[in-house]
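>>> Show me how the following folds:
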Amino acid sequence: MAEAERIIGTPDTPERAGAEPEQSDARGKGTRKRRIAVLFGVAAFAYALDLVSKMIVVAKLEHHPPIEIIGDWLKFEAIRNAGAAFGFGEAFTIIFTVIAAVVIVVIARLARKLYSLPWAIALGLLLGGALGNLTDRIFRSPGVFEGAVVDFIAPKHFAVFNLADSAIVCGGILIVLLSFKGLDPDGTVHKD
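Okay, the predicted model is just below:
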């Protein structure tokens, strides 16, 4: 864990993030708490949207013909995906479950050192998406840690995905953009 924190540049204390010691005690704690609240708020929102959408899809769309949203360019079609993106790795469902669990633990551990609002949003999206797909892997058939993820957003000539996948991709894109801008999770900006 310390290696992951060292690589992404999270400090052990706010002082190492460039804050003055007297600021870090009063203002820094409040800022960090707000960022953590944003992270978990975004995660809860993404998770709830994913969970509710999948419940509706399973109840109303599974075993029914697809619903055309924009002609044949975009449809809602219930699919059970035991693999990863594009259906790859269906024999490795348990590995995807473990990866999602590790991502959740790493984000939760890094949250205590988070001082950047954009990073809080990005990590919240990743956390909510990972929780959404992990819930499917744990609780859906064929069994615990082997469950198939419910996918339903079906663009023409592209993989079928769900809102958890969308949150993960958006969070990942935001992290790449923040990294290119030189903004670290601890709120410091660097020019490399």
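
>>> In this structure Tyr115 contacts Arg34, no?
No. In this structure Tyr115 lies outside contact range of Arg34 using CB atoms under 8 Å: 9.7 Å. Glycine gets a C-beta too; all of them are placed from N, C-alpha and C.

>>> show me where the protein has helices.
According to DSSP state H, the chain carries its helices in the segments 2-8, 21-23, 29-60, 93-111, 117-139, 163-181.

>>> want to throw those helices into TSV with mean pLDDT and distance to Trp73?
Formatted as TSV, those follow (pLDDT from 0 to 100; distance: least, CB to CB, whole Å):
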stretch	mean pLDDT	distance to Trp73
helix 2-8	46	38
helix 21-23	37	52
helix 29-60	94	19
helix 93-111	89	29
helix 117-139	95	24
helix 163-181	95	17
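
>>> would JSON lines of those helices with distance to Ile67 and mean neighbour count be doable?
Formatted as JSON lines, the helices of the chain follow (distance: least, CB to CB, whole Å; neighbours: other CB atoms under 10 Å):
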{"stretch": "helix 2-8", "distance to Ile67": "41", "mean neighbour count": "11"}
{"stretch": "helix 21-23", "distance to Ile67": "54", "mean neighbour count": "11"}
{"stretch": "helix 29-60", "distance to Ile67": "9", "mean neighbour count": "17"}
{"stretch": "helix 93-111", "distance to Ile67": "27", "mean neighbour count": "17"}
{"stretch": "helix 117-139", "distance to Ile67": "21", "mean neighbour count": "23"}
{"stretch": "helix 163-181", "distance to Ile67": "16", "mean neighbour count": "18"}
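
>>> Could you export those helices to TSV, including columns for distance to Ala154?
Shown next, in TSV, are the helices of the chain (distance: least, CB to CB, whole Å):
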stretch	distance to Ala154
helix 2-8	35
helix 21-23	50
helix 29-60	11
helix 93-111	21
helix 117-139	17
helix 163-181	12
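
>>> Quick check, central residue of the chain?
With distances taken as CA atoms, centre = their mean, Leu126 lies nearest the centre of the chain, 1.5 Å away.

>>> what's near enough to touch the nearest residue to it once chain neighbours are set aside?
Spatially, and ignoring its direct neighbours in sequence, Leu126 is nearest to Gly171 (3.9 Å; CB to CB, 6 or more residues apart in numbering). Shown in contact with Gly171 (CB atoms under 8 Å, 6 or more residues apart in numbering): Ile121, Ala122, Leu123, Gly124, Leu125, Leu126, Gly129.

>>> Pick out whichever of those sits closest to Ala78.
Gly129 (19.0 Å; CB to CB).

>>> Hmm, that closest one is touching Ala167, no?
Yes. With contact defined as CB under 8 Å, Gly129 reaches Ala167; the gap is 3.5 Å.

>>> and for those two, which residues touch both?
Counting by CB under 8 Å, 6+ apart, the common neighbours of Gly129 and Ala167 are Ala46, Asp50.

>>> returning to that earlier point: out of the helices of the chain, the one nearest Phe152 is which?
Across the helices of the chain, closest to Phe152 is helix 29-60 (CB to CB), at 4.5 Å.
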